[in-house]
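1. Got a predicted model here, sequence first, then my questions.
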Amino acid sequence: MSLRPDTRPLYLLVIDKLKQDIENGIIKPGNRLPSEFELARELGVSRATLREALRILEDENVIIRKHGVGTFINSKPVFTSGIEELYSITQMIEKKNQKAGTIFVNSDYQLATKTDIKAFQMDKAENILRIERIRTADDEPVVYCIDKIPESILPKDFNFKNDGSIFQSLEKQANSFISYAVAEIEPVGYHEKISQILHSPPESSLLVLKQMHYDIADRPVLVSINYFRADKFRFQVLRRR
């Protein structure tokens, strides 16, 4: 793993070497790098040079450094979507030519909380259908979904398991067409329950996408809280001036 002579600064050579090893599959996404002492010795550079290279690689999101755990090669997200584009999870997965699947965890009707009443602009508390699912891509768990829908907009025989997505179920069975959503996204660290369910590595975080969906009549009809594996999904925003 030694470096060849070059006129450029050593830290740039270290960066090139590590990137080349990743590209060639010598170091794989998710792998933990050796300690700074071991890696500096393998590369034949000082620890100060190595630290500068690792700092830049971290800024470029090539590596992830977890305090007290180690340094890991960042996995490249499989699914990329512009957050300004309103795609269902099924559509996001199928766009990458993978099979979207669903594991149903739980569903029941609950009385709306104060937060639900405010979010759905209700006059008084009514029942809310709460659905918890695990979404899979080629049978691999990648998203944990929590969805809430007011009972008042649903037909009595509503069966969300008949279709590939909640969007499709609302359109086909409730005649409710999602027009737009207000979203917020935040990263979270290791989640004791959900990270294990999604088989998310300890060094990888989760992305939580919270959305209120509105239909074509501007009615709030669906709240979604989706936990995405950050090593599988990336969201980007197109900003114009």
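-> Structure received.

2. Identify the residue nearest Asp231 in space, chain neighbours excluded?
-> Ser75 (3.7 Å; C-beta to C-beta, 6 or more residues apart in numbering). Any C-beta I mention is one placed from the backbone N, CA and C, and that applies to glycine too.

3. surely the one you found meets Pro29?
-> Yes. Between Ser75 and Pro29 there is a contact under C-beta atoms under 8 Å: 3.9 Å.

4. And the next helix or strand past the worst-scoring helix or strand of the chain on mean pLDDT?
-> When the helices and strands of the chain are compared on mean pLDDT, DSSP states H and E, strand 79-82 comes out lowest with a mean of 65. Going down the chain from strand 79-82, the next helix or strand is helix 89-94, by DSSP states H and E.

5. how about that following helix: buried residues?
-> For helix 89-94, burial by neighbour count (16 or more other C-beta atoms under 10 Å) applies to Ile89, Thr90, Gln91, Met92, Ile93.

6. Domain-wise, how is the chain divided?
-> 10-73, 79-236 (automatic domain parsing).

7. roughly how far apart are Val45 and Ser195?
-> According to C-beta to C-beta, to the nearest Å, Val45 stands 35 Å off from Ser195.

8. For this structure, which segments are assigned as strands?
-> 63-66, 70-73, 79-82, 100-111, 127-137, 140-150, 178-188, 206-215, 220-229, 233-236 (DSSP state E).

9. closest to Lys161 out of those?
-> strand 100-111 (6.5 Å; C-beta to C-beta).

10. which helices and strands sit right next to the closest one?
-> helix 89-94, strand 127-137 (3 or more C-beta pairs under 8 Å, 6 or more residues apart in numbering; DSSP states H and E).

11. Please spell out the segments of the protein that come in under the pLDDT threshold.
-> 1-6, 76-85, 164, 238-240 (pLDDT under 70).

12. what's the neighbour count on the residue nearest to Asp231?
-> 18 (other C-beta atoms under 10 Å).

13. Over to Glu192?
-> That count, for Glu192 with other C-beta under 10 Å as the rule, works out to 6.

14. quick one: Lys66 and Arg229, what's the gap?
-> 16 Å.

15. Oh, that last question was meant for Pro187, not what I typed.
-> Counting by C-beta to C-beta, the gap from Pro187 to Arg229 is 12 Å.

16. Common neighbours of those two, please.
-> Common neighbours of Pro187 and Arg229, counting by C-beta atoms under 8 Å, 6 or more residues apart in numbering, are Leu206, Leu207.

17. about what we covered before: mind checking the strands of the chain for the one nearest to Ser200?
-> Closest approach to Ser200 among the strands of the chain is made by strand 220-229 (5.1 Å; C-beta to C-beta).

18. which residues sit against that closest one?
-> 89, 116, 119-121, 142-150, 153, 166, 170, 176, 178, 188, 191, 194, 198, 200, 204, 206-215.

19. Quick one, which of those are buried?
-> Buried among those by 16+ other C-beta under 10 Å: 89, 116, 119-120, 142-150, 153, 166, 170, 176, 178, 191, 194, 198, 200, 204, 206-209, 211-215.

20. contacting residues around the nearest residue in space to Glu184 that is not next to it in sequence?
-> Distance criterion C-beta to C-beta, 6+ apart; nearest residue to Glu184, sequence neighbours excluded, is Lys210 at 5.2 Å. Lys210 is in contact with Ala183, Glu184, Ile185, Glu186, Val223, Ser224, Ile225, Asn226, counting by C-beta under 8 Å, 6+ apart.

21. Out of these, flag the one nearest to Leu39.
-> Ranked by distance to Leu39 (C-beta to C-beta), those are led by Glu186 at 32.3 Å.

22. Just want to check the distance between the closest one and Tyr214.
-> With C-beta to C-beta as the criterion, Glu186 and Tyr214 are 21 Å apart.
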